[in-house]
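Chemist: A predicted structure for the sequence below; I have some questions about it.
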Amino acid sequence: MAGTLPPLFDITDSDEGGYAAVAVYTLLALTLVIVVARLSTRWYIGGVLHSDDILLAVSTLFGILQSILVQLAISNGLGRKLATIGSHELVLYLKYEYAAQILLIVTVAFSKISLGLLFKNLMTSRRYLRTNQVLMGVIIAWAVGSIFALALRCSMPTPWMWNSPDKCINQAALFEAIAALNIVTDIAIVLLPCMLLRTVQLSHWKRFRIMALLATRILVCISTGIGIHFTVEMLQSSDIPWANTDSTIWDQVMMNLSIMTTAVPALGRLVIELQPSLYAFAINEEPVDAASAADTYKFSSIGRSFNQTFSAERGKSHRSSAQTTNGWRESLKDDAESTKGLVNTPIMIQQTIHFEVH
(Lines give C-alpha, C1' and ligand atoms only; values in the text may rest on other atoms or scores of the structure.)
Protein backbone atom coordinates (compact mmCIF):
# COMPACT_ATOMS: atom_id res chain seq x y z
CA MET A 1 0.00 0.00 0.00
CA ALA A 2 1.33 3.44 -0.93
CA GLY A 3 2.52 5.52 1.99
CA THR A 4 2.92 2.55 4.31
CA LEU A 5 6.06 2.77 6.41
CA PRO A 6 8.36 -0.24 6.46
CA PRO A 7 8.57 -2.17 9.73
CA LEU A 8 11.11 -0.92 12.23
CA PHE A 9 12.42 -4.45 12.78
CA ASP A 10 12.31 -7.33 10.35
CA ILE A 11 11.42 -10.66 11.92
CA THR A 12 12.16 -13.64 9.73
CA ASP A 13 12.78 -17.36 10.06
CA SER A 14 16.47 -16.59 10.60
CA ASP A 15 16.24 -13.34 12.56
CA GLU A 16 14.16 -12.82 15.72
CA GLY A 17 16.20 -9.93 17.08
CA GLY A 18 13.23 -7.62 16.53
CA TYR A 19 11.42 -9.21 19.46
CA ALA A 20 14.29 -8.28 21.76
CA ALA A 21 14.44 -4.75 20.32
CA VAL A 22 10.73 -4.17 20.91
CA ALA A 23 11.13 -5.37 24.51
CA VAL A 24 14.13 -3.06 25.05
CA TYR A 25 12.40 0.10 23.82
CA THR A 26 8.98 -0.60 25.33
CA LEU A 27 10.29 -1.40 28.80
CA LEU A 28 12.81 1.44 28.78
CA ALA A 29 10.14 3.99 27.79
CA LEU A 30 7.86 2.82 30.62
CA THR A 31 10.75 2.95 33.08
CA LEU A 32 11.67 6.51 32.09
CA VAL A 33 8.09 7.69 32.55
CA ILE A 34 7.86 6.22 36.05
CA VAL A 35 11.30 7.45 37.14
CA VAL A 36 10.68 10.98 35.88
CA ALA A 37 7.32 10.97 37.67
CA ARG A 38 9.00 9.79 40.88
CA LEU A 39 11.78 12.38 40.79
CA SER A 40 9.40 15.18 39.83
CA THR A 41 7.05 14.27 42.65
CA ARG A 42 9.82 14.15 45.24
CA TRP A 43 11.13 17.54 44.08
CA TYR A 44 7.62 19.04 44.10
CA ILE A 45 6.86 17.77 47.59
CA GLY A 46 10.15 18.39 49.37
CA GLY A 47 12.03 20.77 47.11
CA VAL A 48 15.07 18.51 47.29
CA LEU A 49 16.26 15.18 45.91
CA HIS A 50 17.68 12.81 48.50
CA SER A 51 20.39 10.20 48.13
CA ASP A 52 17.88 7.47 47.22
CA ASP A 53 16.52 9.66 44.40
CA ILE A 54 20.02 10.31 43.08
CA LEU A 55 20.90 6.62 43.12
CA LEU A 56 17.64 5.84 41.33
CA ALA A 57 18.59 8.35 38.63
CA VAL A 58 22.07 6.78 38.39
CA SER A 59 20.49 3.33 38.08
CA THR A 60 18.26 4.62 35.28
CA LEU A 61 21.25 6.10 33.42
CA PHE A 62 23.09 2.78 33.63
CA GLY A 63 19.89 1.09 32.44
CA ILE A 64 19.84 3.34 29.39
CA LEU A 65 23.48 2.52 28.62
CA GLN A 66 22.78 -1.19 29.07
CA SER A 67 19.83 -0.97 26.68
CA ILE A 68 22.02 0.76 24.08
CA LEU A 69 24.53 -2.08 24.35
CA VAL A 70 21.75 -4.63 23.89
CA GLN A 71 20.59 -2.81 20.76
CA LEU A 72 24.15 -2.85 19.42
CA ALA A 73 24.28 -6.58 20.14
CA ILE A 74 21.02 -7.00 18.21
CA SER A 75 22.44 -5.04 15.29
CA ASN A 76 25.43 -7.38 15.20
CA GLY A 77 23.73 -10.72 15.40
CA LEU A 78 21.69 -11.23 18.58
CA GLY A 79 18.58 -13.16 17.61
CA ARG A 80 19.98 -14.29 14.28
CA LYS A 81 21.05 -17.72 13.07
CA LEU A 82 24.78 -18.24 13.56
CA ALA A 83 25.20 -19.14 9.87
CA THR A 84 24.02 -15.66 8.84
CA ILE A 85 26.52 -13.78 11.05
CA GLY A 86 29.96 -12.84 9.77
CA SER A 87 33.05 -13.40 11.89
CA HIS A 88 33.53 -9.67 12.54
CA GLU A 89 29.85 -9.25 13.50
CA LEU A 90 30.08 -12.24 15.84
CA VAL A 91 33.00 -10.72 17.74
CA LEU A 92 31.13 -7.41 18.08
CA TYR A 93 28.00 -9.23 19.26
CA LEU A 94 29.97 -11.10 21.92
CA LYS A 95 31.65 -7.87 23.12
CA TYR A 96 28.40 -5.91 23.37
CA GLU A 97 26.60 -8.75 25.10
CA TYR A 98 29.54 -9.19 27.48
CA ALA A 99 29.40 -5.50 28.48
CA ALA A 100 25.59 -5.52 28.69
CA GLN A 101 25.63 -8.43 31.15
CA ILE A 102 28.00 -6.50 33.44
CA LEU A 103 26.00 -3.25 33.23
CA LEU A 104 22.87 -5.23 34.04
CA ILE A 105 24.35 -6.06 37.47
CA VAL A 106 25.40 -2.44 38.02
CA THR A 107 21.92 -1.16 37.18
CA VAL A 108 20.14 -3.62 39.45
CA ALA A 109 22.57 -3.01 42.32
CA PHE A 110 22.01 0.75 42.27
CA SER A 111 18.23 0.25 42.26
CA LYS A 112 18.46 -2.05 45.29
CA ILE A 113 20.66 0.37 47.23
CA SER A 114 18.31 3.25 46.35
CA LEU A 115 15.38 1.34 47.83
CA GLY A 116 17.40 0.49 50.92
CA LEU A 117 18.27 4.17 51.46
CA LEU A 118 14.60 5.13 51.08
CA PHE A 119 13.64 2.85 53.96
CA LYS A 120 16.66 3.87 56.00
CA ASN A 121 15.08 7.31 56.42
CA LEU A 122 12.06 5.69 58.07
CA MET A 123 13.96 3.70 60.68
CA THR A 124 14.65 5.00 64.17
CA SER A 125 15.31 1.61 65.75
CA ARG A 126 18.98 0.68 65.90
CA ARG A 127 18.07 -2.93 65.23
CA TYR A 128 16.37 -2.12 61.93
CA LEU A 129 19.10 0.36 60.97
CA ARG A 130 21.82 -2.23 61.51
CA THR A 131 19.86 -4.88 59.65
CA ASN A 132 19.43 -2.47 56.76
CA GLN A 133 23.14 -1.64 56.79
CA VAL A 134 24.03 -5.34 56.71
CA LEU A 135 21.64 -5.85 53.79
CA MET A 136 23.20 -2.93 51.89
CA GLY A 137 26.62 -4.46 52.52
CA VAL A 138 25.47 -7.82 51.16
CA ILE A 139 24.06 -6.14 48.04
CA ILE A 140 27.31 -4.26 47.41
CA ALA A 141 29.33 -7.44 47.92
CA TRP A 142 27.01 -9.33 45.55
CA ALA A 143 27.37 -6.63 42.90
CA VAL A 144 31.16 -6.37 43.13
CA GLY A 145 31.62 -10.14 43.19
CA SER A 146 29.23 -10.65 40.27
CA ILE A 147 30.90 -7.97 38.15
CA PHE A 148 34.37 -9.43 38.65
CA ALA A 149 33.12 -12.97 38.09
CA LEU A 150 31.38 -12.03 34.83
CA ALA A 151 34.32 -9.94 33.65
CA LEU A 152 36.88 -12.69 34.30
CA ARG A 153 34.89 -15.82 33.52
CA CYS A 154 36.81 -16.52 30.33
CA SER A 155 40.54 -16.63 29.71
CA MET A 156 42.61 -13.58 28.85
CA PRO A 157 43.29 -11.68 26.68
CA THR A 158 39.79 -12.11 25.19
CA PRO A 159 37.41 -12.53 28.16
CA TRP A 160 34.48 -11.43 25.97
CA MET A 161 34.72 -14.66 23.92
CA TRP A 162 32.20 -16.34 26.22
CA ASN A 163 30.92 -18.59 23.43
CA SER A 164 33.91 -20.91 23.90
CA PRO A 165 33.14 -23.26 26.82
CA ASP A 166 36.66 -24.69 26.83
CA LYS A 167 38.09 -21.24 27.60
CA CYS A 168 35.54 -20.30 30.28
CA ILE A 169 34.41 -21.51 33.67
CA ASN A 170 31.03 -23.17 34.16
CA GLN A 171 28.97 -20.17 33.09
CA ALA A 172 25.62 -21.80 33.78
CA ALA A 173 26.55 -22.34 37.44
CA LEU A 174 27.88 -18.78 37.66
CA PHE A 175 24.69 -17.21 36.31
CA GLU A 176 22.55 -19.41 38.56
CA ALA A 177 24.53 -18.31 41.64
CA ILE A 178 24.24 -14.63 40.67
CA ALA A 179 20.50 -15.00 40.09
CA ALA A 180 19.96 -16.84 43.37
CA LEU A 181 21.63 -14.07 45.40
CA ASN A 182 19.72 -11.49 43.38
CA ILE A 183 16.43 -13.14 44.38
CA VAL A 184 17.44 -13.51 48.05
CA THR A 185 18.39 -9.84 48.39
CA ASP A 186 15.17 -8.75 46.66
CA ILE A 187 13.11 -10.80 49.10
CA ALA A 188 15.04 -9.27 52.01
CA ILE A 189 14.39 -5.77 50.65
CA VAL A 190 10.67 -6.54 50.69
CA LEU A 191 10.55 -8.23 54.10
CA LEU A 192 12.51 -5.62 56.07
CA PRO A 193 10.13 -2.66 55.51
CA CYS A 194 7.11 -4.94 55.87
CA MET A 195 8.36 -5.95 59.32
CA LEU A 196 8.84 -2.28 60.15
CA LEU A 197 5.30 -1.44 59.04
CA ARG A 198 3.88 -3.91 61.55
CA THR A 199 4.76 -1.46 64.34
CA VAL A 200 3.52 1.66 62.55
CA GLN A 201 0.31 3.39 63.59
CA LEU A 202 -1.60 3.10 60.32
CA SER A 203 -5.01 1.77 59.44
CA HIS A 204 -5.10 -1.84 58.30
CA TRP A 205 -6.10 -0.79 54.78
CA LYS A 206 -3.20 1.65 54.39
CA ARG A 207 -0.74 -0.83 55.84
CA PHE A 208 -1.96 -3.44 53.38
CA ARG A 209 -1.77 -0.99 50.47
CA ILE A 210 1.79 0.03 51.26
CA MET A 211 2.87 -3.58 51.74
CA ALA A 212 1.24 -4.48 48.42
CA LEU A 213 3.26 -1.77 46.67
CA LEU A 214 6.43 -3.03 48.30
CA ALA A 215 5.55 -6.58 47.33
CA THR A 216 5.60 -5.64 43.64
CA ARG A 217 9.34 -6.28 43.97
CA ILE A 218 8.45 -9.99 43.94
CA LEU A 219 7.86 -9.54 40.19
CA VAL A 220 11.60 -8.94 39.88
CA CYS A 221 12.26 -12.29 41.56
CA ILE A 222 9.88 -14.06 39.17
CA SER A 223 11.43 -12.48 36.09
CA THR A 224 14.91 -13.31 37.41
CA GLY A 225 13.94 -16.98 37.73
CA ILE A 226 12.47 -17.11 34.23
CA GLY A 227 15.44 -15.25 32.79
CA ILE A 228 18.03 -17.57 34.30
CA HIS A 229 16.14 -20.55 32.87
CA PHE A 230 16.47 -19.17 29.34
CA THR A 231 20.07 -18.09 29.99
CA VAL A 232 21.10 -21.63 30.91
CA GLU A 233 19.32 -22.93 27.81
CA MET A 234 21.16 -20.36 25.69
CA LEU A 235 24.56 -21.30 27.12
CA GLN A 236 23.88 -24.97 26.32
CA SER A 237 22.76 -24.22 22.76
CA SER A 238 24.92 -24.79 19.70
CA ASP A 239 23.57 -21.55 18.21
CA ILE A 240 24.06 -18.97 20.99
CA PRO A 241 23.04 -15.77 19.11
CA TRP A 242 19.76 -17.35 17.99
CA ALA A 243 18.99 -18.81 21.42
CA ASN A 244 19.84 -15.52 23.16
CA THR A 245 16.55 -13.81 22.23
CA ASP A 246 14.42 -15.11 25.11
CA SER A 247 17.12 -14.65 27.74
CA THR A 248 17.71 -11.06 26.57
CA ILE A 249 14.02 -10.23 26.74
CA TRP A 250 13.71 -11.54 30.30
CA ASP A 251 16.92 -9.82 31.37
CA GLN A 252 15.42 -6.54 30.17
CA VAL A 253 12.17 -7.31 31.98
CA MET A 254 14.07 -7.99 35.20
CA MET A 255 16.25 -4.89 34.94
CA ASN A 256 13.43 -2.49 34.16
CA LEU A 257 11.15 -3.99 36.78
CA SER A 258 13.94 -3.54 39.31
CA ILE A 259 14.06 0.18 38.52
CA MET A 260 10.29 0.61 38.37
CA THR A 261 9.61 -1.19 41.64
CA THR A 262 12.22 1.05 43.25
CA ALA A 263 10.50 4.18 41.95
CA VAL A 264 6.88 3.24 42.64
CA PRO A 265 6.89 3.10 46.49
CA ALA A 266 7.86 6.79 46.72
CA LEU A 267 5.40 8.13 44.17
CA GLY A 268 2.82 10.74 45.09
CA ARG A 269 0.88 10.41 48.32
CA LEU A 270 2.84 7.34 49.36
CA VAL A 271 5.77 9.60 50.16
CA ILE A 272 3.57 11.24 52.75
CA GLU A 273 2.18 7.98 54.09
CA LEU A 274 5.54 6.23 54.34
CA GLN A 275 7.39 9.03 56.10
CA PRO A 276 6.32 10.44 59.47
CA SER A 277 6.07 13.89 57.86
CA LEU A 278 8.15 16.17 55.76
CA TYR A 279 8.50 18.29 58.87
CA ALA A 280 8.59 15.53 61.45
CA PHE A 281 11.37 15.37 64.00
CA ALA A 282 12.97 12.24 65.39
CA ILE A 283 15.42 11.55 68.17
CA ASN A 284 18.36 9.45 67.17
CA GLU A 285 18.91 6.78 69.78
CA GLU A 286 22.63 6.94 69.10
CA PRO A 287 24.58 9.66 70.97
CA VAL A 288 26.14 12.45 68.96
CA ASP A 289 29.64 11.46 70.12
CA ALA A 290 31.18 8.88 72.36
CA ALA A 291 32.30 11.42 74.97
CA SER A 292 28.73 12.46 75.68
CA ALA A 293 27.02 9.09 75.33
CA ALA A 294 25.07 9.41 78.56
CA ASP A 295 23.45 12.78 78.09
CA THR A 296 23.39 13.91 74.47
CA TYR A 297 20.81 13.15 71.79
CA LYS A 298 20.53 14.37 68.22
CA PHE A 299 17.31 15.78 66.79
CA SER A 300 16.88 15.54 63.03
CA SER A 301 14.25 16.60 60.52
CA ILE A 302 13.37 14.15 57.77
CA GLY A 303 12.21 16.74 55.27
CA ARG A 304 14.74 19.49 55.84
CA SER A 305 18.39 19.63 56.75
CA PHE A 306 17.77 20.74 60.33
CA ASN A 307 19.76 19.44 63.27
CA GLN A 308 19.71 20.38 66.91
CA THR A 309 21.33 18.84 69.97
CA PHE A 310 19.92 18.40 73.46
CA SER A 311 22.39 17.93 76.28
CA ALA A 312 21.79 17.38 79.94
CA GLU A 313 23.89 19.51 82.27
CA ARG A 314 27.10 17.80 83.16
CA GLY A 315 28.37 17.47 86.69
CA LYS A 316 24.96 16.72 88.21
CA SER A 317 23.78 13.46 89.64
CA HIS A 318 20.53 13.57 87.66
CA ARG A 319 20.27 11.24 84.71
CA SER A 320 18.35 12.16 81.54
CA SER A 321 16.62 9.77 79.24
CA ALA A 322 14.47 10.27 76.16
CA GLN A 323 11.70 8.08 74.84
CA THR A 324 10.22 8.49 71.39
CA THR A 325 6.94 7.25 70.02
CA ASN A 326 6.52 6.93 66.28
CA GLY A 327 3.90 9.36 65.10
CA TRP A 328 3.33 8.12 61.58
CA ARG A 329 0.83 10.41 59.96
CA GLU A 330 -2.27 9.28 58.20
CA SER A 331 -3.94 11.67 55.82
CA LEU A 332 -7.16 13.12 57.22
CA LYS A 333 -8.82 13.55 53.86
CA ASP A 334 -9.75 11.03 51.22
CA ASP A 335 -7.36 9.69 48.65
CA ALA A 336 -8.58 12.09 46.01
CA GLU A 337 -6.91 15.01 47.78
CA SER A 338 -3.94 16.43 45.92
CA THR A 339 -0.41 15.97 47.15
CA LYS A 340 -0.02 19.72 47.24
CA GLY A 341 -2.85 20.02 49.69
CA LEU A 342 -1.18 17.51 51.97
CA VAL A 343 2.17 19.22 51.89
CA ASN A 344 0.86 22.73 52.55
CA THR A 345 -0.51 21.83 55.94
CA PRO A 346 0.81 23.77 58.96
CA ILE A 347 4.19 22.68 60.24
CA MET A 348 3.92 20.58 63.36
CA ILE A 349 5.91 18.03 65.27
CA GLN A 350 4.43 14.64 64.60
CA GLN A 351 6.38 12.61 67.16
CA THR A 352 5.62 12.39 70.83
CA ILE A 353 8.73 12.94 72.92
CA HIS A 354 8.70 12.11 76.59
CA PHE A 355 11.53 13.17 78.91
CA GLU A 356 12.13 11.65 82.31
CA VAL A 357 14.60 12.99 84.87
CA HIS A 358 15.59 10.63 87.68
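Modeler: That came through fine.
Chemist: can you give me the strands in the stretch 151-300 of the chain?
Modeler: For the stretch 151-300 of the chain, applying DSSP state E, counting those that start in this stretch gives strands covering 281-284, 296-301.
Chemist: can I assume residue 15 is in contact with residue 82?
Modeler: No: under the criterion of C-beta atoms under 8 Å, residue 15 lies out of contact with residue 82, with a separation of 11.7 Å. For every residue, glycine as well, the C-beta is placed using N, CA and C.
Chemist: roughly how far apart are the nearest residue to residue 160 once chain neighbours are set aside and residue 205?
Modeler: Distance criterion C-beta to C-beta, 6 or more residues apart in numbering; nearest residue to residue 160, sequence neighbours excluded, is residue 98 at 3.9 Å. Between residue 98 and residue 205 the computed distance is 48 Å (C-beta to C-beta, to the nearest Å).
Chemist: Next: residue 177.
Modeler: If you go by C-beta to C-beta, the gap between residue 177 and residue 205 works out to 40 Å.
Chemist: Where does pLDDT dip in the protein?
Modeler: In the prediction, the chain carries residues with pLDDT under 70 at positions 1-10, 121-124, 199-202, 267-358.
Chemist: Now do the top helix by length along it: which elements does it pack against?
Modeler: Of all the elements of type helix in the chain, the one with the most residues (DSSP state H) is helix 87-120. Under the contact criterion of 3 or more C-beta pairs under 8 Å, 6 or more residues apart in numbering; DSSP states H and E, the helices and strands touching helix 87-120 comprise helix 51-75, helix 126-151, helix 171-197, helix 240-263.
Chemist: List the buried residues of that helix.
Modeler: By neighbour count, and taking 16 or more other C-beta atoms under 10 Å as the criterion, the buried residues in helix 87-120 are 90-119.
Chemist: Check stretch 180-199 too.
Modeler: Neighbour counts using 16+ other C-beta under 10 Å place 181-183, 185-186, 188-190, 192-193, 196-197 of stretch 180-199 among the buried residues.
Chemist: Using JSON lines, please lay out those residues together with distance to residue 247.
Modeler: JSON lines is the format used below for those (distance: C-beta to C-beta, whole Å):
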{"residue": "181", "distance to residue 247": "18"}
{"residue": "182", "distance to residue 247": "15"}
{"residue": "183", "distance to residue 247": "16"}
{"residue": "185", "distance to residue 247": "21"}
{"residue": "186", "distance to residue 247": "19"}
{"residue": "188", "distance to residue 247": "25"}
{"residue": "189", "distance to residue 247": "24"}
{"residue": "190", "distance to residue 247": "25"}
{"residue": "192", "distance to residue 247": "30"}
{"residue": "193", "distance to residue 247": "31"}
{"residue": "196", "distance to residue 247": "36"}
{"residue": "197", "distance to residue 247": "36"}
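Chemist: So the nearest residue to residue 250 once chain neighbours are set aside versus residue 171, what's the distance?
Modeler: The shortest distance from residue 250 to any residue that is not its chain neighbour, by C-beta to C-beta, 6+ apart, is 3.4 Å, and that residue is residue 227. As defined by C-beta to C-beta, residue 227 lies at a distance of 14 Å from residue 171.
Chemist: Please say which of the two ends up with more neighbours.
Modeler: Here residue 227 and residue 171 are set side by side on neighbour count (other C-beta atoms under 10 Å), and the busier one is residue 227, at 24 against 20.
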